[in-house]
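> here's my sequence, what's the structure:
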Amino acid sequence: AIVIPKNVMNWGCNFLTKLNVRKNGIFELPEELYHFTGLTHLDLSMNCLFGLSHKLGNLTKLEYFNIECNLIEELPYTIENLEQITDFRCRYNPIIKPPSAVWSRGIEGVKKFFKDLRESGTEINVDLRVLVLGLSEAGKTSLINGMIHPDTVALTRVGDRTVGIEKRTWVMNRRKNEQPINLLTYDFAGQEEYYITHHLFLGSKALYIIAFDLSKYKPSLLDKQIMLWWESIQNRVCNVKSYDSKTPKVILVGTHADMLDDAQSYADDIHTSLKQRFQLRMNILTDRIKKLEKELKNLDPRKGKKNGAADDERMKKEYDMLSTEKKVQILVRKGEIKKLRHRQQCTIALPTTIQAVSSKDLHNIGKLKDQIASSLTDIGPSGKYFPHLDVPVPGSWFQVRRFVRQKSAQKGYECMKLPQYFNLLSSELNINEDVGRRATSFCHDLGDVLFFDKEGLIFLQPSFLIDLFKCVIRHDHKESTY
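Coordinates of the predicted model:
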């Protein structure tokens, strides 16, 4: 901890304006620091701080505040009092309050979040989207039936197929000291005609289940049964700029286990094949990056060893003297390396196992549900998979959410233009557009609405959009026209 001498206190409280204590291994800040109300610049980055006192709100003159690279999980609510602050840096902290979707947008978003909390109280979010993908007749609907209603017949009739996307909600109980979680389950049609509709519903704050028919599996079908969906998720959902996990959580499930002898061994063999394939991919990426870095070192004189400022200046002059063609080659290789590193960071982690399940006799359905439950607290290679789960959010956001769910069931409210929607929030909930926009973004992240801010549209009932797709795109379109 920092020890502030008394003689510093005598003048520091009134005259000290800038304080930089970065890279000092500090675990705790002294209370006296919060008496330095004249501070305009405070740098606490690259320490070991676990938290900040609510007395931070005393430093109302702060303009620059840096807490990057610490161990802080919660920002103090009094940060709302820092009206002068314009430059706030808090990356590389395991912050859960406010959620990353809030603090990653800057200090104004943080202050408005705590303002919303103060004005409307808090509620804990226990909702999570579960998106189930796979080929047609892979057993996705029966799998969902088996998890939600294990006491009834889980199997669907032969020939029954999901049209578009079907949404259902089920409640999963957890440990005694935890609230049950609401799993908003999306059952995606597996026919090729519907693939173009899927991307509208894919998002980073969701759990993905890829289901495939074990009884129909062949090594030659690996790409079609599994990798098609895996690549779709990886290409559309992974985000290298995310402050949480850059990749989503994906679970693999082999269905129709009752049609095979020792189906789990079969599933384990498929898992081994996938593991080898993914390792080969990573090796190819690593080798390609090493090759490009070697080429870059030979092309760019600035990449040589430096023994001081003189060498640095000499290398810069050598670079300036290079031909335009050489400089272009350097830029191209830098761009390629950046893309390859992006692919490395956005590689979805292979689950530790593939569950072989049967919706007919419910074999391993219990194990699958346990796997889903344990995944809720999993941390990926680059951060938390579900940072929005079990965290307090403003009560006004839940108020908007309940309102949306109520209105979505009424005819005429399926789709609205944003001015009409925000007027509705104002007249019926007394919630202004500023709060309403933040609350609606929250609802969009959780799948309650489809919020197209730039287009000025909101679908209060996402299934309405699905119904529109059904009218235009159907796997049985020819049959349905007779």
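> how many neighbours does the nearest residue to residue 81 once chain neighbours are set aside have?
Excluding its sequence neighbours, the residue lying closest to residue 81 (Cβ to Cβ, 6 or more residues apart in numbering) is residue 57, at 3.9 Å. Quick note: C-beta positions are derived from backbone N, CA and C, even for glycine. Counted with other Cβ atoms under 10 Å, residues neighbouring residue 57 total 16.
> next one: residue 184
17.
> figure out how far the one helix or strand it maps to is from the centre of its chain.
In this structure, residue 184 sits in strand 181-188 according to DSSP states H and E. Relative to its chain's centre, strand 181-188 lies at 16 Å (Cα atoms, centre = their mean, to the nearest Å).
> C-alpha coordinates for that strand, CSV please?
Coordinates of each C-alpha in strand 181-188 appear next as CSV, following Å, rounded to 0.1, in the frame of the first residue of the first chain:
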residue,chain,number,x,y,z
ILE,A,181,-31.9,-19.5,-14.9
ASN,A,182,-34.3,-18.9,-17.8
LEU,A,183,-32.9,-20.4,-21.0
LEU,A,184,-34.4,-18.8,-24.1
THR,A,185,-34.0,-21.6,-26.6
TYR,A,186,-34.0,-21.0,-30.3
ASP,A,187,-34.5,-24.1,-32.5
PHE,A,188,-33.1,-23.3,-36.0
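> I'd assumed residue 83 was in contact with the residue nearest to residue 81.
No - under the criterion of Cβ atoms under 8 Å, residue 57 is not in contact with residue 83, lying 10.4 Å apart.
> re earlier: for the record, mean pLDDT for the strand holding residue 184?
Mean pLDDT, computed over strand 181-188, is 88.
> again, but for stretch 230-240
Here the average pLDDT along stretch 230-240 is 84.
> stretch 310-318 now?
For stretch 310-318, the per-residue pLDDT averages 84.
> now do the contacts for residue 316.
residue 302 (Cβ atoms under 8 Å, 6 or more residues apart in numbering).
> beyond the helix or strand harbouring it, next helix or strand please.
Assessed by DSSP H and E, residue 316 sits inside helix 309-320. Sequence-wise, the next helix or strand downstream of helix 309-320 (DSSP H and E) is helix 324-345.
> gap between that following helix and the chain center?
27 Å.
> was I right to think residue 236 contacts residue 202?
Yes - applying Cβ under 8 Å as the test, residue 236 and residue 202 come out as touching, 5.2 Å apart.
> neighbour-wise, which of these two wins?
residue 202 (19 against 13).
> could you point out which element follows the one helix or strand residue 101 maps to?
Using DSSP H and E, residue 101 maps to helix 100-103. In the C-terminal direction, the helix or strand that comes right after helix 100-103 (DSSP H and E) is helix 107-120.
> from the chain's centre, how far out does that following helix sit?
The answer for helix 107-120 is 21 Å, by Cα atoms, centre = their mean.
> SS state for residue 61?
coil (DSSP: H, G, I helix; E, B strand; the rest coil).
> give the contact list for it.
Residues in contact with residue 61 (Cβ under 8 Å, 6+ apart) are 37, 38, 39, 40, 84.
> got it, and residue 135?
Residues near residue 135 by Cβ under 8 Å, 6+ apart: 190, 212, 213, 224, 225.
> for the residues you listed, which one is nearest residue 376?
residue 212 (23.3 Å; Cβ to Cβ).
> that older thread, what is the helix holding residue 101 packed up against?
With contacts defined as 3 or more Cβ pairs under 8 Å, 6 or more residues apart in numbering; DSSP states H and E, helix 100-103 has these neighbours: helix 107-120, helix 433-445.
> same thing but 7 Å
Contacting helix 100-103 under the criterion 3 or more Cβ pairs under 7 Å, 6 or more residues apart in numbering; DSSP states H and E are the following elements: helix 107-120.
> dump the helix it packs on to PDB, keeping only the CA atoms.
The C-alpha trace of helix 107-120 is given here as PDB (Å, rounded to 0.1, in the frame of the first residue of the first chain):
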ATOM      1  CA  ILE A 107     -17.200   7.000 -19.100                       C
ATOM      2  CA  GLU A 108     -20.500   8.600 -20.200                       C
ATOM      3  CA  GLY A 109     -22.100   5.100 -20.500                       C
ATOM      4  CA  VAL A 110     -20.800   4.200 -17.000                       C
ATOM      5  CA  LYS A 111     -22.200   7.300 -15.400                       C
ATOM      6  CA  LYS A 112     -25.600   6.800 -17.100                       C
ATOM      7  CA  PHE A 113     -25.600   3.200 -16.000                       C
ATOM      8  CA  PHE A 114     -25.200   4.200 -12.300                       C
ATOM      9  CA  LYS A 115     -27.700   7.000 -12.800                       C
ATOM     10  CA  ASP A 116     -30.200   4.500 -14.000                       C
ATOM     11  CA  LEU A 117     -29.400   2.300 -11.000                       C
ATOM     12  CA  ARG A 118     -29.900   5.200  -8.600                       C
ATOM     13  CA  GLU A 119     -33.200   6.200 -10.100                       C
ATOM     14  CA  SER A 120     -34.800   2.800 -10.700                       C
END
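> let's test this: mean pLDDT of it, rounded?
Averaging pLDDT along helix 107-120 gives 92.
> buried sites along it?
107, 110, 111, 112, 113, 114, 116, 117, 120 (16 or more other Cβ atoms under 10 Å).
> could you redo those as CSV and give each row distance to residue 73?
Below are those laid out as CSV (distance: Cβ to Cβ, whole Å):
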residue, distance to residue 73
107, 18
110, 14
111, 19
112, 20
113, 15
114, 15
116, 20
117, 16
120, 23
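> from these, which is closest to residue 207?
residue 113 (24.8 Å).
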